[in-house]
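> Structure, please.
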Amino acid sequence: MPGIIHYGTFVVSFILLLIIPGPGNLILITSASKGGARSGYLCLMGILLGDQVLLWLAIAGVAALLESSPHVFLVIKWLGAAYLLWMGAQLLMKAKTGAPPPPVTGKRTPFLQGLVITLMNPKPILFYVMFLPLFIDPASCLGIPTFAILAGTAAALTFIYCSIMIFLTTSLAEKVRTRPGMVYLLEKATGLFLALFAFKLAFFS
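The predicted model follows:
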């Protein structure tokens, strides 16, 4: 491929990165379990859009801006941590009910959750700027077309992986919905994870 080296290694490496648990994975699973495949794919579209924005910002050199202007990085990081903490608190403080929760019907909520959670973590910009050059041959790089191939590959792999997650989640959704206790525990686990991730993002990154 023009300007790309070790493409197979890039694919394998990106798949391994997708498997690592993160807030995006958990929000995707929660959306799919509560609202079905439609809600899961809306969340996935938000994650994909956010990830592509971060990737192209990294390509455009925003990483250099963040490194030279640490205050900008800190503001974005703290906003992301605050949003994750707010979402986690909402789930942790939600009262337990005896009835299964209604499916998520809003068109925008899962999409916005996936988008905002992805955008509010600026660390991937710095990661991409260190990760992508490993697979670029400066001598034959075509610029945007070369980066577009890597960005398209990342989007395709993310879509496939998340689709598998949505399928597995919705396959078990009926069992989950008929057991309010399982839903309650899932919400609490999600809330706790988001709160802990917010704390890690704010103080240990």
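> now the helices for this protein?
In the chain, helices defined by DSSP state H lie at 7-19, 23-59, 62-68, 70-93, 109-119, 123-131, 144-171, 173-177, 180-203, listed in chain order.
> List the buried residues for the second one?
Counting neighbours by 16 or more other Cβ atoms under 10 Å, one finds that the buried residues in helix 23-59 are 23-52, 54-59. Any C-beta I mention is one placed from the backbone N, CA and C, and that applies to glycine too.
> Averaged pLDDT, that helix. What do you get?
Helix 23-59 shows an average pLDDT of 89 in the prediction.
> Which residue is the nearest non-sequential neighbour of residue 19?
residue 161 (7.6 Å; Cβ to Cβ, 6 or more residues apart in numbering).
> Find the centremost residue of the chain, please.
Nearest to the mean C-alpha position of the chain, counting by Cα atoms, centre = their mean, stands residue 24 at 3.3 Å.
> Give me the distance between residue 164 and residue 129.
The gap separating residue 164 from residue 129 is 28 Å, by Cβ to Cβ, to the nearest Å.
> Comparing the two, which residue is more hemmed in?
residue 129 (19 against 10; other Cβ atoms under 10 Å).
> And that one, how far from residue 117?
Note on residue 129: its distance to residue 117, by Cβ to Cβ, is 21 Å.
> about what we covered before: give the contact list for the residue nearest to residue 19.
Residue 161 sits next to 15, 18-19 when contact means Cβ atoms under 8 Å, 6 or more residues apart in numbering.
> For it, give its distance to residue 47.
Distance from residue 161 to residue 47, by Cβ to Cβ: 11 Å.
> cool, and residue 75?
Separation of residue 75 from residue 47 (Cβ to Cβ) stands at 22 Å.
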